[in-house]
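Undergrad: sequence plus the predicted model coming up.
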Amino acid sequence: MADSVSNRGWATTSKDDPSVQALRTHLLENNGVKGLEIVGAQDIQQASALFRRDGYVIVADVLNGEQTEFLAQGCDQVVSEIIALDTDHKGNRGPHRYSFGGSSLTRSQLHRAEWQMLLDLPVVHQLVSNIFGSAEYCLRAASGDFCLPGAVHYQPLHSDIVDYVDANQSPFSAFVDPTKAMSIRDLPCPYVCVNFLPQALTKLNGPTRQISGTQQSRQPIPRLKDEPEWMRLSTLCPAPAGAIIVRDVRAWHGGTPNLSDTIRAIPNLEFYAPWFREPMVPGITYKDYKKLSEHAQKLARFCVADSSEELITGATLRAP
């Protein structure tokens with residue numbers, strides 16, 4: 001990330017605090033999924049198999065150097081706009097943690113050229129089509145998240161789809177079985193999140209932790225205080241800049257401490273399977289939509305505003 005924003009952070013916690021120093025040492029010695037597999041951009045079949053087994057896969061070299069830098073600069077600009085509204089770094093996903101979508105007036109970053117670029121990456125299309133068994137999938141949102149240096153706390157493990165079997169919470173899904181005989185976890189993957197890495201993920205800069213094989217688990221997700229240490233250390237690092245992380249959103253995952261001196265950003269695109277839908281919020285004007293490639297227009301067909309509707313873009317700390 002650019003120097004203009006990379007040094008912001010550590011506003012509320014000293015990186016010289018003994019507890020922070022001890023955690024840094026612990027993470028340097030132990031952080032990261034053991035035997036983490038990273039496949040090449042040409043290995044679509046292997047990537048799909050790992051995704052189905054683990055609920056995620058990392059694919060290297062999807063973005064070239066120019067694309068990676070363009071995305072990093074775009075993230076820097078959006079980060080600057082957001083944290084200018086939050087000088088205390090309270091975040092909207094916990095201290096020092098932010099959602100790119102939740103911090104946008106459109107609930108998306110699809111109005112930005114950097115996120116639009118991601119719609120036209122051939123490797124992403126090949127892999128997502130392979131996962132769904134069809135090219136007739138569609139874009140759900142263009143979002144992601146970032147954490148500042150000084151994010152010393154763990155985010156609780158969670159799943160991005162909640163249904164009746166999850167901690168008695170209200171269902172948030174287009175699939176609900178009133179008899180509770182079936183859960184969305186019994187079905188094929190309903191939608192995927194593709195995170196793009198404008199910077200490498202390291203042991204110290206807040207790599208996402210993923211609990212392998214939990215995408216269809218009906219077990220209750222452990223609370224943060226009950227989480228075993230191996231889960232806290234089950235992070236997707238090291239992973240190179242220019243790579244993507246493709247996740248089944250049902251799998252358990254969570255944020256981890258960023259004890260580095262730089263911001264960690266993971267912008268994303270989220271895609272619905274051809275058979276699955278939830279309500280979508282327009283993220284791009286019709287005028288800008290018509291400027292997209294034919295392929296990108298097909299993906300974003302449910303995220304475009306009416307031709308007479310103007311979207312108000314910009315940063316906010318809470319999505320409208």
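TA: Done, it's in.
Undergrad: distance check, G55 against S104.
TA: Distance, G55 to S104, using CB to CB, to the nearest Å: 27 Å. Every residue, glycine included, has its C-beta placed from N, CA and C.
Undergrad: check R318 too.
TA: Applying CB to CB, the value for R318 to S104 is 10 Å.
Undergrad: just want to know which of these two has more residues nearby.
TA: Taking neighbours as other CB atoms under 10 Å, R318 and S104 compare with S104 leading, 26 against 8.
Undergrad: got the contact list for the more buried one?
TA: Taking CB atoms under 8 Å, 6 or more residues apart in numbering, we find S104 in contact with 143, 313-316, 319.
Undergrad: could you rerun that using 7 Å?
TA: By CB atoms under 7 Å, 6 or more residues apart in numbering, the residues touching S104 are 315-316, 319.
Undergrad: just the ones of those in helices?
TA: Among those, no residue falls in helices (DSSP state H).
Undergrad: ok, of those residues, which one's closest to H295?
TA: A319 (27.6 Å; CB to CB).
Undergrad: the closest one and T106 touch, don't they?
TA: No - in terms of CB atoms under 7 Å, A319 does not count as a neighbour of T106; the distance is 8.7 Å.
Undergrad: in terms of neighbours, single out the busier of these two.
TA: T106 (25 against 16).
Undergrad: can you check the pLDDT for the residue nearest to that one when sequence neighbours are not counted?
TA: Computed as CB to CB, 6 or more residues apart in numbering, the closest residue to T106 that is not its neighbour in sequence is G283, at 5.0 Å. The confidence metric pLDDT takes the value 95 at G283.
Undergrad: count of residues packed around G283?
TA: 29.
Undergrad: verify the stated contact: it with L110.
TA: Yes - with contact defined as CB under 7 Å, G283 reaches L110; the gap is 3.5 Å.
Undergrad: overlap in contacts, these two.
TA: Common neighbours of G283 and L110, using CB under 7 Å, 6+ apart, are 142, 303.
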